[in-house]
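**Q** Sequence first, then the predicted structure:
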Amino acid sequence: MGREDELQPSNINQTMQLTLPVDHAYDVLKNMLSCSAMFMMRRWDDEKRSISFSSFDDIDLVAVIHEKSESECEVRVTSDSRDANRAVRRIGDFFRDYQAQVGMTSVQLDHERRTASRRADARKETKHGSGSVAVASELAQRVSNAPLTTKILVGFVVLFIVIGLICGITSCGASSKAANDGKIAIPESSSEFEGENYKDVVTRLESAGFTNIETEGLGDLITGFFHKDGDVKTVSVNGSTSYSSNQKFRPDVRVVIRYHSYSTSSSSSENEDDSTSSEESKAETDDAENEPSSSSNSSEGKSESPQTDEGNISMQNNQEFAQILAGGDSGQAIESFANKYQGRNIEFDGYTASVLPHDSNKTRFDYLILAGNVGGTYGPNFHFSDVNYYDLHLTGDNVPSSFTEGLNIHVIAEIESYDSASGLFELKPVSITMR
């Protein structure tokens, strides 16, 4: 007790520089603290961009954001706690969580800007096309009222123009075909097609020159709460559902658009039930290839930490993974690990540190997953991007009705990539069990 009396109030002061507009940085800060599992927001002053908050172990902190330029700002965090060592650790935890939140938000903003740009370009093309039709209509009206000699002259002029255009298009098409070997570019990547109306996707693909397009309604909607009727689930090109924007294919390549839909008729409900059961059995068979067996799941439910699948990378069988989970490695080491084992499954205990809507979508989310138990700050910033409840593949006897922050979980996920700019380690969920 005498040792505690010797502790004196400290004045700890640390800063972080951000390339971000000050108002945007302040909004991200408020959003993070309002739903953080580690910190609790106490008071805030929007005019001064100041927020007072405390950690889970009662360390009081104050964060203030100062504007340096239109696109740059400074975040300053102070504490007058008597326990200086704990205060320094909690400030470090805060900066770690905040930097991850800023990275997630930046990724979302980039996607929104690209989407808005595409829509603006489409509106410009529509407007330009409408103007051309109006001009052509007016010209046709004037010619119809002109004398016969003028009409014949205009007819010859138009004929020569058409012949010239046909020759030009033919020569350009031939040279283009020779240059590209007859291949054309797909207008969007596989992930950008997802969630759009399938009719719009068909129109864009036909405009791009694709001729062998098939559509398939899945008949998987019951209430339409998670997906709308007609929302695209996947667009496969030549059997692949993973391709980039402007990747080139032959015009007659097989394109299959699968979209969410309601059952076609109530009179054939029995047949649809049989079909649905067949599809579910097939899905369960496919999932079984990627997830642990049911016997493994039952044994996992009986122990605090599920047993490691022999084919998965874990801290028990991979020293590199154990080191980055411990939190001592740099971003370069994490990126090297992600590149080396891309496509492999990793397995670890963690918790949901943050949940944000993906592109303001009400049913698709971005999850920040940290290693250890709730409140810990170990290892990389693992990230599930643009997933819904069913994409998480929740298993076990205590599956929650909603997947929120502050849940201790056991994760099996596929390594996708590491983004050095945002510090996010992108994963694809394979199996998640509650701990």
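**A** Received it, and whenever you're ready, just let me know what you need. Numbers count the residues shown, from 1 in each chain.

**Q** after the lowest-mean-pLDDT helix or strand in the chain, next one along is what?
**A** Lowest on mean pLDDT, DSSP states H and E among the helices and strands of the chain sits helix 294-302, with a mean of 40. The first helix or strand that comes after helix 294-302 along the chain, using DSSP states H and E, is helix 319-326.

**Q** next one: that following helix to chain centre, how far?
**A** The chain centre lies 26 Å from the centre of helix 319-326; the measure is C-alpha atoms, centre = their mean, to the nearest Å.

**Q** Same question for stretch 88-99.
**A** For stretch 88-99, the distance to the chain centre is 25 Å (C-alpha atoms, centre = their mean).

**Q** List the buried residues of that stretch.
**A** Val88, Arg90, Ile91, Asp93, Phe94, Phe95, Arg96, Asp97, Tyr98, Gln99 (16 or more other C-beta atoms under 10 Å). (C-beta placed from N, C-alpha, C; glycine too.)

**Q** same check, this time on stretch 68-86
**A** Neighbour-count burial for stretch 68-86 flags Cys73, Val75, Val77, Thr78, Ser79, Ser81, Asp83, Ala84 (criterion: 16+ other C-beta under 10 Å).

**Q** if I read this right, the fifth one contacts Ile59, doesn't it?
**A** Yes - distance between Ser79 and Ile59: 6.3 Å, which falls inside the contact criterion (C-beta atoms under 8 Å).

**Q** Let me see the ranges of the strands in the stretch 101-250 of the chain.
**A** Using DSSP state E, counting those that start in this stretch, the strands assigned to the stretch 101-250 of the chain run over residues 184-185, 213-217, 232-237, 248-249.

**Q** for the second one, packing partners?
**A** When contacts are defined as 3 or more C-beta pairs under 8 Å, 6 or more residues apart in numbering; DSSP states H and E, strand 213-217 packs onto helix 198-208, strand 255-259.

**Q** residue ranges with poor pLDDT in this structure?
**A** The model of the chain has pLDDT under 70 over residues 1-10, 124-141, 143-144, 146, 170-180, 223-225, 264-310, 328-329.

**Q** Domain boundaries for it, per the record?
**A** Under the assignment automatic domain parsing, the domains of the chain span 2-111, 122-180, 185-259, 294-434.

**Q** sorry, back to before: what's the most buried one of the strands of the stretch 101-250 of the chain?
**A** strand 232-237 (a mean of 20; mean count of other C-beta atoms under 10 Å).

**Q** got the angle between it and strand 213-217?
**A** Taking axes from the mean of the first three to the mean of the last three C-alpha atoms, to 10 degrees, strand 232-237 and strand 213-217 form an angle of 150 degrees between their directions.

**Q** between strand 232-237 and strand 255-259, how many degrees?
**A** Note on geometry: by the same axes, to 10 degrees, strand 232-237 and strand 255-259 are set 170 degrees apart in direction.

**Q** for strand 232-237, packing partners?
**A** Counting by 3+ C-beta pairs under 8 Å, 6+ apart, strand 232-237 packs on helix 190-193, helix 198-208, strand 255-259.

**Q** contacting residues around Val62?
**A** By C-beta atoms under 8 Å, 6 or more residues apart in numbering, the residues touching Val62 are Ser50, Ile51, Ser52, Phe53, Val77, Thr78, Ser79.

**Q** Can you lay out the strands of the stretch 101-250 of the chain as JSON lines showing distance to Ser191?
**A** Output for those, formatted as JSON lines (distance: least, C-beta to C-beta, whole Å):
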{"stretch": "strand 184-185", "distance to Ser191": "17"}
{"stretch": "strand 213-217", "distance to Ser191": "19"}
{"stretch": "strand 232-237", "distance to Ser191": "10"}
{"stretch": "strand 248-249", "distance to Ser191": "17"}
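
**Q** can I get the contacts of Val62 in JSON lines with distance to His66?
**A** Output for those, formatted as JSON lines (distance: C-beta to C-beta, whole Å):
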{"residue": "Ser50", "distance to His66": "10"}
{"residue": "Ile51", "distance to His66": "13"}
{"residue": "Ser52", "distance to His66": "16"}
{"residue": "Phe53", "distance to His66": "18"}
{"residue": "Val77", "distance to His66": "12"}
{"residue": "Thr78", "distance to His66": "13"}
{"residue": "Ser79", "distance to His66": "18"}
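
**Q** name the element the closest residue to Tyr341 other than its chain neighbours belongs to?
**A** The shortest distance from Tyr341 to any non-neighbouring residue, by C-beta to C-beta, 6 or more residues apart in numbering, is to Ile415 (5.3 Å). Assessed by DSSP H and E, Ile415 sits inside strand 408-419.

**Q** Given the helix or strand that that strand is followed by, what are its sheet partners and their directions?
**A** Proceeding N to C from strand 408-419, the next assigned helix or strand is strand 424-434, under DSSP H and E. Using DSSP bridges, the strands paired with strand 424-434 are strand 378-387 (parallel), strand 394-395 (parallel), strand 408-419 (antiparallel).
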